[in-house]
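1. only the shape, not the letters, is given here:
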């Protein structure tokens, strides 16, 4: 990131429900658990990681496997 | 990724209290009540007093521990040895030395000179004062110090021109808010970055957009108010020093610190470069008789004159510059390095104790209970979470008026709430610091307002023309701290609209490599 980018980063109106595509890889914080599944909430977008053994608050890298843009929900797996 | 120890509600609870998890909040609770009573009710802005309040709080929680009290003592040590407290302490010590050294070199005089040289009239004076106070506070990182310096030196100059005193005080406080919020060497900036695991340079760069969005309307508000609000008759008399232009050269070390921090160097390195530059500048300014400053203003060993060895050193070349002989009762160390570092000692001890109290609340389950309530009932969407962070920070700052202490207390909640929505460290640090910086200078009982008010009370003794009725009542100034109000408004707007919001996946803060 250039020096100018550091000043300009975030200079926009960011949605409460960020959208993703299957195949997107991103760093996230695990925000909850539901049984064997880990949950990741990014703003008001919710991603589910089925059968994933990571603790809440852990920082991990995930790959989006499915995404419903209308409901801003999807599934992902650990990279 | 580095483990951040300040928040970890899931870590096993090892402390149990008679009365349940809520009792684990006693140390922090006693401290907050103490702080409200001391600073809010009695108006005593003594950080060392808060240290005693926190100590009493830690003792008060002890009798409620179920089982072995050793677990309670262990939690205190566990809290105090967290990296967050040590990091803030190191940054404060460096920042304190730097700020004092550029002040010793006549930086304030330089700004006063600039204010006079601009030859602005009574109506423009508040707007120009806001800008200059903002520059000073951004350089030295302390809004309190800026307030005291400007009330002492610039406020009388404005009254001599006939500027409205309430508006002028509001402009000084606004400049203090600006610098407290933006300066990389500001204690609140450091706390905001460290507690949210973000690098200080990146935090400063990312917060410029909010600071400018508030400062531009604030500047115009001071212009408009300056022309519409009644001015007083110009005070007659003199005694305001013109100041020396050469002190403005200290903008160079200020730019070096800000520049190197934003370029990604560690804050210790950035401030060390600035400190070295400021020292060389002071030596040159003093050598050429441009500013009344010498090596002994940066560091001096004041040895008792009864010591023969000290007398020898005093007259020796080179080392004699930093050794002086004084009456035995006045022996000690002095200079900007000493005063700058020592000035932060009470805040460092207070921080160590507050994080110890927070650790007890975490180990006892009180932290988790409050956090769950907030997440389940209040912060149910990302907008509500951010609004909660803004208002929560504002509320704690309204109660605990020493803003750095308030910031340390609320920081873990901002961190947890933000992380539960994957809001990145820069955004969390910005929400935390802006509202902390602003409100400490708005409420009439805020530490910054009281610091300025105290300084103002010394003016009648200093200037024969300055009468007691020129002193501004703290309760009168709060509507005119325009930059503070705009900053809070910008963040409420930002929380609701998503302006400036960044998620963890948008940009990872450089958390591990540097502070």
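-> That came in fine, so what should we check first? None of these values were measured; they are calculated from a predicted model.
2. make it CA atoms for all contacts and neighbour counts henceforth
-> Fine.
3. now the residue of chain A found nearest chain B, nearest residue through space, not along the chain?
-> Distances between chain A and chain B by CA to the nearest CA are smallest at residue A:13, namely 4.1 Å. Excluding its sequence neighbours, the residue lying closest to residue A:13 (CA to CA, 6 or more residues apart in numbering or on different chains) is residue B:499, at 4.1 Å.
4. what about residue B:151, neighbour count?
-> Neighbour count of residue B:151, defined by other CA atoms under 10 Å in any protein chain shown: 26.
5. hmm, back to that, you'd agree the residue nearest to residue A:13 is up against residue A:12?
-> Yes - with contact defined as CA atoms under 8 Å, residue B:499 reaches residue A:12; the gap is 5.6 Å.
6. who has more neighbours, these two?
-> Ranked by neighbour count (other CA under 10 Å), residue B:499 and residue A:12 place residue B:499 first, with 20 against 14.
7. any idea how far residue B:215 is from that one?
-> Here the criterion is CA to CA, to the nearest Å. By it, residue B:499 lies 17 Å from residue B:215.
8. same deal with residue B:352?
-> As judged by CA to CA, residue B:352 and residue B:215 stand 34 Å apart.
9. surely residue B:214 touches residue B:492?
-> No - using CA under 8 Å, residue B:214 is not in contact with residue B:492; the gap is 11.9 Å.
10. where does residue A:46 fall, secondary structure wise?
-> Secondary structure from DSSP states H and E places residue A:46 in strand A:45-49.
11. output the contacting helices and strands for the helix or strand bottoming out on mean pLDDT in chain A.
-> The helix or strand of chain A with the lowest confidence, counting by mean pLDDT, DSSP states H and E, is helix A:3-8 at a mean of 77. Packing partners of helix A:3-8 (3 or more CA pairs under 8 Å, 6 or more residues apart in numbering or on different chains; DSSP states H and E): helix B:200-228.
12. residues of the helix it packs on that come out buried?
-> B:200-211, B:214-215, B:218-219, B:221-223, B:225-227 (16 or more other CA atoms under 10 Å in any protein chain shown).
13. for the helix or strand just after that helix, packing partners?
-> Scanning forward in sequence from helix B:200-228 by DSSP H and E, the next helix or strand is helix B:251-262. Judged by 3+ CA pairs under 8 Å, 6+ apart, helix B:251-262 is in contact with helix B:125-140, helix B:200-228, helix B:267-287.
14. can you list the ones you listed in CSV and add mean pLDDT?
-> Shown next, in CSV, are these (pLDDT from 0 to 100):
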stretch, mean pLDDT
helix B:125-140, 90
helix B:200-228, 95
helix B:267-287, 91
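15. wait, which of those is closest to residue A:55?
-> Residue A:55 lies closest to helix B:200-228 among the helices and strands packed on helix B:251-262, at 27.6 Å (CA to CA).
16. what's the burial count for the nearest residue to residue B:292 once chain neighbours are set aside?
-> Distance criterion CA to CA, 6+ apart; nearest residue to residue B:292, sequence neighbours excluded, is residue B:286 at 5.8 Å. Neighbours of residue B:286 under the rule other CA under 10 Å: 16.
17. now do the same contact list for residue B:286.
-> B:292, B:293, B:294 (CA atoms under 8 Å, 6 or more residues apart in numbering or on different chains).
18. could you identify the helix or strand that succeeds the least confident helix or strand of chain A?
-> Using DSSP H and E, the next helix or strand after helix A:3-8 towards the C-terminus is strand A:25-29.
19. helices or strands up against that following strand?
-> strand A:37-42, strand A:59-68.
20. which helices and strands does the last one pack with?
-> Helices and strands touching strand A:59-68, by 3+ CA pairs under 8 Å, 6+ apart, are strand A:25-29, strand A:73-78.
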